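Participant: test case, fold it:
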Amino acid sequence: MKKSVIFVLTLVLAICLPLHLNADNDRVITFDRLPATAQAMLKQNFADKTPLAITADRDDYKVMYQSGEKVEFDKKGNWKDIECKGSQVPANLIPAEITASVNAKFPGATITEIDRDRRGYSVKLSNGLELEFNKKFQIVELDD
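Facilitator: Residues are numbered from 1 along each chain as shown. Next up, the predicted model:
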């Protein structure tokens, strides 16, 4: 009986563990496998950083750096999300209207994360605030 239980548990683990590990279907790729648009953006803005891992799945690409930055791209190579833990998002990647709004309303705060989608932009500030901007760059939500 004990051998049967152990066998069943081993079988369950053998089947379930690989499924769990590949749940999001990420595969490790090299820099040259990124879309040209993504490569150009990273060379321009993160050339001084060392990539820790570059992954791809059917929906997007992710580049993680040793220094804590993470950039996510769509299939065409357009950035979707930029996280800069311990630093700030490069200024040329932030729409001027968002920079102006943050500087006017939250002096001294920097943007440490920016995310864009079809509705607009989300930003996290160094002071802990999270802002949502619509397509017209108006603040529509503020969370602390």
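Participant: so the closest residue in space to residue 44 that isn't next to it in sequence, which of the three states?
Facilitator: Sequence neighbours aside, residue 92 is the residue nearest to residue 44 in space, at 7.9 Å (criterion: Cβ to Cβ, 6 or more residues apart in numbering). To be clear about C-beta, it is placed using only N, CA and C from the backbone, and glycine gets the same treatment. Applying DSSP: H, G, I helix; E, B strand; the rest coil to residue 92 yields a three-state assignment of helix.
Participant: going forward, begin numbering at 42 instead of 1
Facilitator: Yes, from this point I'll number from 42; that puts the last item at residue 133.
Participant: and the helix or strand harbouring residue 104, what does it pack against?
Facilitator: Counting by DSSP states H and E, the secondary-structure element that holds residue 104 is strand 101-106. In terms of contact count using 3 or more Cβ pairs under 8 Å, 6 or more residues apart in numbering; DSSP states H and E, strand 101-106 is assigned the packing partners helix 77-86, strand 92-97, strand 110-115.
Participant: now the strands for the protein?
Facilitator: Across the chain, reading from the start of the chain, the strands by DSSP state E fall at 68-69, 92-97, 101-106, 110-115, 120-125, 152-158, 161-166, 171-175, 180-184.
Participant: for the first one, packing partners?
Facilitator: With contacts defined as 3+ Cβ pairs under 8 Å, 6+ apart, the packing partners of strand 68-69 are strand 92-97.
Participant: what strands line up against the strand it packs on, and which way round?
Facilitator: Strand 92-97 sits in its sheet next to strand 68-69 (antiparallel), strand 101-106 (antiparallel), going by DSSP bridges.
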